[in-house]
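*Asks:* Let me see the structure of the following:
(one chain, ligands or ions: 1)
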Amino acid sequence: MNRELYGKLVFEISRPGRSAFRLPKSGVPVVADTAAAPIPAGLLRETPLDLPECDEPSLVRHYNNMSTNNFGVDTGFYPLGSCTMKHNPKINEEIASHRSFARLHPATPAKAAQGALAIYWELQRALSEIGGMAEFTLNPFAGAHGELTGLMVIRAYHDSRSDAARRKVIVPDSAHGTNPASAAVCGLEVVEVKSRPDGTVDVEDLRPLLDETVAAVMMTNPNTLGIFEKNIPEIARLAHEAGALMYYDGANLNPMLGVARPGDMGFDVMHINLHKTFSTPHGGGGPGSGPVGVRAGLERFLPSPRVTRRPDGTFSIEAPEEALGSISATLGNFAVQARALSYILSLGAGGLMEVGPLATLNANYIKESLKDCYLLPIEGVCKHEFVFDGLRDKSTGVTTLNIAKRLLDRGYHAPTIYFPLLFHESLMIEPTETESRETLDDFIAAMRDIAREAAETPDVVKNAPHNTPITHPDDTEAALHPVVTYFVPRNSDL
Ligand SMILES: *Cc1c(COP(=O)(O)O)cnc(C)c1O
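*Replies:* Alright, predicted model coming up:
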């Protein structure tokens, strides 16, 4: 990265009269139907737009430097927990951006979009098989949107049985923040259930909470601590006996792929984050897709429109009577779905079964290699992610935030910090199945170096990062008063 150019806006490198290469005006007449409809004279601007004026090399360098200021999975290891940031094979990008998909309009009639509908339908079938569910809808745009949709399905189910007193959702204290938020948006009351010291849900704490006012028990497995919830069959039995349904937050499906199915454990409704488990680069808020699956008997409550296959093998878009209605303007985020199907088919059943064991092996390898320097609050085998509670030696005053910032100096994205809320110095690491042994070893070495620095030269860690373009922004100030526009100086001011 060129430090002189960093942070400059293209308006700041502009100089009056500078310009890049420009072709002479074409003498070829414009074909009639490509000429834009003329803009009415009254709407035309009278003064030229104040655009930056730059020479070509400055412009090329400006944008190339800017493109390297962002950290991404394509530039380095991204140990962020809870989000499954992994390498997403480029072939899936190519397939999703194929011109016949990219030019598809959401309102294209089913007759003219049979290929795209076949992708929807096949993905609905593949996810049903993977989740152990009867049917899936692909319409929700994110995990949280899937949670809301799934809870709406659960509400509709209880209402259909004239069991409308069920308005509580039980959520473990280790849950992702979207779980209680979705329940609240759905008009349901959130009841928290405690975790035991081993990080799993406390069945004894749960038992008395289950009564005829409970609509659902929402669980994540492995949970946000990366711990496999072993008591799901027992919890599902208790919930079902009390008349409640089991909701599975599938954001952590990665280590379970092809190994275990939520439907077989007793879950009735689930969502999957395609952008976490099935190949879509995410971060920065999108694009996402949170398909929702249901067990047999609940299909009719899924939102419309729905893609179905007719006996003659063609596909249609339906809006069934009892469906929830629409929860999105369209059939969801098509490009994310195309990537997911491409990923599933290219790995195949055998490949999918390798994802879980490799993700689990990678996480346990890092955890075991670092637990002599970092505090491991929950011992034992984890799944795809785990949580340290900061350094073992707290006497130096080096915090999780300092460690995360120091990792930036070493060329790593920071892990998830201060989540889950169960520990004061949470540092949550998820390596994903796509990382090599060499990458893991380099990361372990960096983490060990930081632990040594914390003991020997703590100020180096406390004042990190030292070599990033921005060092210590005021997070709160940036969120409250973001500067999102730039005053364009007139060229004469420069
Ligand atoms: C990411 C995540 C969610 C929310 O998914 P989004 O797609 O970000 O809305 C829910 N639960 C868990 C455990 C997650 O990791």
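*Asks:* Please make it C-alpha for all contacts and neighbour counts, starting now.
*Replies:* OK.
*Asks:* quick check, V217 in a strand?
*Replies:* Yes. The assignment for V217 (DSSP: H, G, I helix; E, B strand; the rest coil) places it in a strand.
*Asks:* you'd agree it is up against I170?
*Replies:* Yes. Counting by Cα atoms under 8 Å, V217 touches I170, with 4.7 Å between them.
*Asks:* what pairs with I317 across the strands?
*Replies:* I317 forms beta bridges with V307, as assigned by DSSP bridges.
*Asks:* correct me, but it touches P305?
*Replies:* Yes. The criterion here is Cα under 8 Å, and I317 meets it with P305 at 6.1 Å.
*Asks:* what about these two, which has more around it?
*Replies:* Remark: of I317 and P305, P305 carries more neighbours, 24 against 16, as counted by other Cα atoms under 10 Å.
*Asks:* contacting residues around stretch 397-417?
*Replies:* Stretch 397-417 has contacts (Cα atoms under 8 Å, 6 or more residues apart in numbering) with 71-72, 76-82, 390-391, 418, 425-430, 443, 446-447, 450, 454, 458, 461-468.
*Asks:* If you could redo that for stretch 221-228, that was the one I meant.
*Replies:* Against stretch 221-228 from outside (Cα under 8 Å, 6+ apart): 82, 174-176, 199-200, 229, 248-250, 252-253, 255, 381-387, 420, 428.
*Asks:* Mark which of the contacts of stretch 397-417 are buried, thanks.
*Replies:* If you count burial by 16 or more other Cα atoms under 10 Å, the buried members of those come out as 72, 77-82, 390-391, 418, 425-430, 443, 446-447, 450, 454, 458, 461-462, 464-466.
*Asks:* and the ligand, which of those residues reach it?
*Replies:* S82 (Cα under 6 Å from any ligand atom).
*Asks:* Which of the buried ones among the contacts of stretch 397-417 fall within strands?
*Replies:* Among those, the members falling in strands (DSSP state E) are 426-429.
*Asks:* any chance of those residues in TSV, plus pLDDT?
*Replies:* Below are those laid out as TSV (pLDDT from 0 to 100):
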residue	pLDDT
S426	97
L427	97
M428	97
I429	97
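*Asks:* and of those residues, the nearest to the ligand?
*Replies:* Within those, proximity to the ligand (Cα to the nearest ligand atom) peaks at M428, which comes in at 11.6 Å.
*Asks:* That closest one contacts F388, doesn't it?
*Replies:* Yes. Counting by Cα under 8 Å, M428 touches F388, with 6.4 Å between them.
*Asks:* Please list the members of the buried ones among the contacts of stretch 397-417 that lie in helices.
*Replies:* Among these, the members found in helices (DSSP state H) are 443, 446-447, 450, 454, 458, 461-462.
*Asks:* wait, which of those residues is closest to the ligand?
*Replies:* F443 (22.4 Å).
*Asks:* Contacts only, for the closest one.
*Replies:* Contacts of F443 (Cα under 8 Å, 6+ apart): Y412.
*Asks:* let's see it at 10 Å
*Replies:* 77, 79, 366, 407, 410-412, 431, 437, 449 (Cα atoms under 10 Å, 6 or more residues apart in numbering).
*Asks:* Show me just the buried residues among these.
*Replies:* 77, 79, 366, 407, 410-412, 431.
*Asks:* Same list, the residues you listed, but as a markdown table with pLDDT please.
*Replies:* Output for the buried ones among the contacts of F443, formatted as a markdown table (pLDDT from 0 to 100):
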| residue | pLDDT |
| --- | --- |
| F77 | 95 |
| P79 | 95 |
| I366 | 98 |
| L407 | 97 |
| R410 | 95 |
| G411 | 93 |
| Y412 | 95 |
| P431 | 96 |
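*Asks:* Kindly reformat those as a markdown table and extend each row with distance to G150.
*Replies:* Output for those, formatted as a markdown table (distance: Cα to Cα, whole Å):
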| residue | distance to G150 |
| --- | --- |
| F77 | 33 |
| P79 | 29 |
| I366 | 35 |
| L407 | 38 |
| R410 | 41 |
| G411 | 39 |
| Y412 | 36 |
| P431 | 29 |
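*Asks:* Can you give me the distance of A478 to T416?
*Replies:* To T416, A478 is 20 Å away according to Cα to Cα, to the nearest Å.
*Asks:* which of the two has more neighbours?
*Replies:* T416 (22 against 10).
*Asks:* thinking again about what came up before, from the contacts of stretch 221-228, which ones fall inside helices?
*Replies:* Using DSSP H, none of these sit in helices.
*Asks:* can I get the CA coordinates of the host helix or strand of N402 in PDB?
*Replies:* Secondary structure from DSSP states H and E places N402 in helix 400-409. In PDB, the C-alpha atoms belonging to helix 400-409 read as follows (Å, rounded to 0.1, in the frame of the first residue of the first chain):
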ATOM      1  CA  THR A 400      -8.700  -9.100  24.500                       C
ATOM      2  CA  LEU A 401      -9.100  -5.800  22.600                       C
ATOM      3  CA  ASN A 402      -5.300  -5.300  22.700                       C
ATOM      4  CA  ILE A 403      -4.600  -8.800  21.500                       C
ATOM      5  CA  ALA A 404      -7.100  -8.400  18.600                       C
ATOM      6  CA  LYS A 405      -5.500  -5.100  17.500                       C
ATOM      7  CA  ARG A 406      -2.000  -6.700  17.700                       C
ATOM      8  CA  LEU A 407      -3.100  -9.500  15.400                       C
ATOM      9  CA  LEU A 408      -3.900  -6.800  12.800                       C
ATOM     10  CA  ASP A 409      -0.100  -5.900  12.900                       C
END
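*Asks:* residue contacts, F21?
*Replies:* F21 sits next to 55-56 when contact means Cα under 10 Å, 6+ apart.
*Asks:* And for P287?
*Replies:* By Cα under 10 Å, 6+ apart, the neighbours of P287 are 141-142, 274-275, 280-281, 333, 335-336.
*Asks:* Filter those residues to keep only those in contact with the ligand.
*Replies:* Contacts with the ligand within the contacts of P287, counted by Cα under 6 Å from any ligand atom: A142.
*Asks:* what are the ranges of the strands in the stretch 1-150 of the chain?
*Replies:* 135-137 (DSSP state E, counting those that start in this stretch).
*Asks:* tell me what the biggest helix by length in the chain is packed against?
*Replies:* In the chain, taking DSSP H as the definition, the longest helix is helix 334-370. Contacts defined by 3 or more Cα pairs under 10 Å, 6 or more residues apart in numbering; DSSP states H and E place helix 334-370 against helix 90-96, helix 99-102, helix 114-131, helix 274-277, strand 386-389, strand 426-429, helix 437-456.
*Asks:* Out of those, which is closest to P377?
*Replies:* Closest of the helices and strands packed on helix 334-370 to P377 is strand 386-389, at 6.4 Å (criterion: Cα to Cα).
*Asks:* is the closest one anywhere near the ligand?
*Replies:* No. Applying Cα under 6 Å from any ligand atom, one finds strand 386-389 separated from the ligand by no less than 12.9 Å.
*Asks:* That strand - which strands sit beside it in the sheet, and in what orientation?
*Replies:* If you go by DSSP bridges, strand 386-389 pairs up with strand 426-429 (antiparallel).
*Asks:* got the CA positions of the strand it pairs with in CSV?
*Replies:* Output of strand 426-429 as CSV, limited to C-alpha atoms (Å, rounded to 0.1, in the frame of the first residue of the first chain):
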residue,chain,number,x,y,z
SER,A,426,-14.1,-13.6,25.3
LEU,A,427,-11.9,-14.2,22.3
MET,A,428,-13.7,-16.5,19.9
ILE,A,429,-11.7,-18.3,17.2
